[in-house]
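[1] Here is my input, please return the structure:
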Amino acid sequence: MDILKLKPVFKDYIWGGTRLRDDYGYDCDLDPVAEGWLLSCHKDGKSVIDGGEFDGRTLESVIEKYGKEKITGKKSLDFPYFPVLIKLIDAKDDLSIQVHPDNEYAERVEHEFGKTEIWYVLDAAEGSTLVYGFKKKISSEEFKRAIESNTLTEVLNVVKVKKGDLFFIEAGTVHAIGKGALIAEIQQNSNSTYRVYDYGRVGKDGKPRELHIKKAVDVSKTEPPKYEPKPFGEETETDGGKAQLLTKCDLFTVWRYEINSKMIFETNEKTFNHILVLEGCGKINGRNLKKGDSYFVPANFGKYEISGNAEILITNI
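    Okay, here's the model as predicted:
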């Protein structure tokens, strides 16, 4: 099976902007364009293959036809679902303050899986911030009182952000992307989100957006975050450019590469590779590759070459 190019799925949440269309050239009529789902087998938006023998089919349907082990690799057999969902997020305005459940709670209450994720900051306006856990450990009761008394923002940990920051957000971490940030998000394949504060905004129906206070109190870790907002590894020189480990956990591994000539990559029987082009252009096994492109390299594909001048993320499990 050849390398598969994927079409994004777009979302028009009220806090979004236009950078995904303006900066990345995506063909999308939504306004705003808050998110682009670059790799997804989730029921709320499934990646469709662009070109080749499977043109117009969902990636999920191809996996179902040929088998998880062949297409996504042996490591995917540890998961009863396609394991990851990859997005680009344009926050023109602040996102709601929210939290995601872990697997146990989400399976029991939402009938899907929990959500651990990372944010890799692609760009940030001067003064952009993120909410990342709490300033200090508090009780669940104190958390609930802070929500109800409208003092939640006083106890949360607000972090200034810049390009290149990496946030590892375990399920149960209260968080929010602030306005002016452009984010690449790699997450578990889940869309379970509990909103605890939304700045008094209303949705498209003119009504305040729903809060999920009880569920949020149930699942939140009311303490400072465990991880510093930086990549797990240092940038290193390698043949053809630079490489940096952004994160590695039992759910996914993400590398960032800066290619200035060519690099050789490989998939084997263990896992697929997903390629997201952040900047620049080039070729992948002779096919054109440009900013915003999303490519899926099946497990067992073997070696493949990316050439040109480009910054990419490669995700696998």
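[2] For stretch 253-265, list every residue counted as buried.
    T253, V254, W255, R256, Y257, E258, I259, M263, F265 (16 or more other Cβ atoms under 10 Å). For every residue, glycine as well, the C-beta is placed using N, CA and C.
[3] pretty sure the third one is touching Q244, no?
    Yes. When contacts are counted by Cβ atoms under 8 Å, W255 is listed as touching Q244 (6.8 Å).
[4] buried ones in whatever helix or strand D90 lives in?
    D90 belongs to strand 84-91 when elements are defined using DSSP states H and E. For strand 84-91, burial by neighbour count (16+ other Cβ under 10 Å) applies to V84, L85, I86, K87, L88, I89, D90, A91.
[5] Could you find the closest non-adjacent residue to the first one?
    Of all residues not flanking V84 in the chain, F252 sits nearest, at 5.2 Å (Cβ to Cβ, 6 or more residues apart in numbering).
[6] how about that neighbour, what does it touch?
    Taking Cβ atoms under 8 Å, 6 or more residues apart in numbering, we find F252 in contact with P83, V84, I186, T315, N316, I317.
[7] same thing with K87?
    K87 is in contact with E35, G36, W37, L38, I183, A184, E185, Q187, counting by Cβ under 8 Å, 6+ apart.
[8] What of Y26?
    P8, F10, L20, V33, G36, G292.
[9] And the third one, how far from K11?
    It stands for L20. 10 Å (Cβ to Cβ, to the nearest Å).
[10] How is the closest residue to V33 other than its chain neighbours assigned, secondary-structure-wise?
    Nearest non-adjacent residue to V33, counting by Cβ to Cβ, 6+ apart: L20, 4.5 Å away. Put simply, L20 is helix when judged by DSSP: H, G, I helix; E, B strand; the rest coil.
[11] now do P101
    Classified using three-state DSSP, P101 is coil.
[12] Quick one, grab the pLDDT at it.
    Per-residue pLDDT puts P101 at 96.
[13] Could you tell me how many residues sit around the closest residue to it other than its chain neighbours?
    Of all residues not flanking P101 in the chain, V219 sits nearest, at 4.4 Å (Cβ to Cβ, 6+ apart). When neighbours are defined as other Cβ atoms under 10 Å, V219 has 23 of them.
[14] about what we covered before: mind checking which of the contacts of Y26 land in strands?
    F10, G36 (DSSP state E).
[15] From the contacts of Y26, pick the one nearest E269.
    Nearest to E269 among the contacts of Y26: P8, at 28.5 Å, using Cβ to Cβ.
[16] which ones are touching the closest one?
    P8 makes contact with Y26, C28, G36, W37, L38, S47, L88, G292, S294, according to Cβ under 8 Å, 6+ apart.
[17] before we move on, back to that, in terms of packing, which of L20 and K11 has more residues around it?
    L20 (25 against 19).
[18] Wait, the more buried one touches P32, no?
    No. Using Cβ under 8 Å, L20 is not in contact with P32, being 9.1 Å away.
[19] Quickly list what's touching both of the two.
    Joint contacts of L20 and P32 (Cβ under 8 Å, 6+ apart) are D90.
[20] Who are the contact partners of V109?
    Contacts of V109 by Cβ under 8 Å, 6+ apart are P101, K215.
[21] where does it sit relative to H212, distance-wise?
    As for V109, its distance to H212 is 11 Å (criterion: Cβ to Cβ).
[22] for the chain, longest strand please?
    Secondary structure of the chain per DSSP E: the longest strand is strand 302-316.
[23] Parallel or antiparallel, which strands does that one pair with?
    Using DSSP bridges, strand 302-316 pairs in its sheet with strand 253-259 (antiparallel), strand 262-267 (antiparallel), strand 273-284 (antiparallel).
[24] Now do the buried residues in that strand.
    Quick answer for strand 302-316 (16+ other Cβ under 10 Å): Y304, I306, S307, G308, A310, E311, I312, L313, I314, T315, N316.
[25] how about the helices in the stretch 151-300 of the chain?
    All helices of the stretch 151-300 of the chain, identified by DSSP state H, counting those that start in this stretch, fall at 213-219.
[26] Just the CA atoms of stretch 222-240, as PDB, please.
    Presented in PDB, the C-alpha positions along stretch 222-240 are these (Å, rounded to 0.1, in the frame of the first residue of the first chain):
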ATOM      1  CA  THR A 222      -6.500  20.000  41.500                       C
ATOM      2  CA  GLU A 223      -2.700  20.500  41.700                       C
ATOM      3  CA  PRO A 224       0.200  22.100  39.700                       C
ATOM      4  CA  PRO A 225       1.200  20.300  36.500                       C
ATOM      5  CA  LYS A 226       3.900  17.600  36.600                       C
ATOM      6  CA  TYR A 227       5.800  18.700  33.500                       C
ATOM      7  CA  GLU A 228       7.600  21.900  32.400                       C
ATOM      8  CA  PRO A 229       6.300  23.400  29.200                       C
ATOM      9  CA  LYS A 230       9.200  22.300  27.000                       C
ATOM     10  CA  PRO A 231      10.000  19.400  24.600                       C
ATOM     11  CA  PHE A 232      11.200  16.200  26.200                       C
ATOM     12  CA  GLY A 233      14.400  16.200  24.200                       C
ATOM     13  CA  GLU A 234      17.000  18.700  23.000                       C
ATOM     14  CA  GLU A 235      17.400  19.600  19.300                       C
ATOM     15  CA  THR A 236      20.200  17.700  17.700                       C
ATOM     16  CA  GLU A 237      22.000  17.800  14.300                       C
ATOM     17  CA  THR A 238      21.300  14.800  12.100                       C
ATOM     18  CA  ASP A 239      21.900  13.800   8.500                       C
ATOM     19  CA  GLY A 240      19.900  16.100   6.400                       C
END
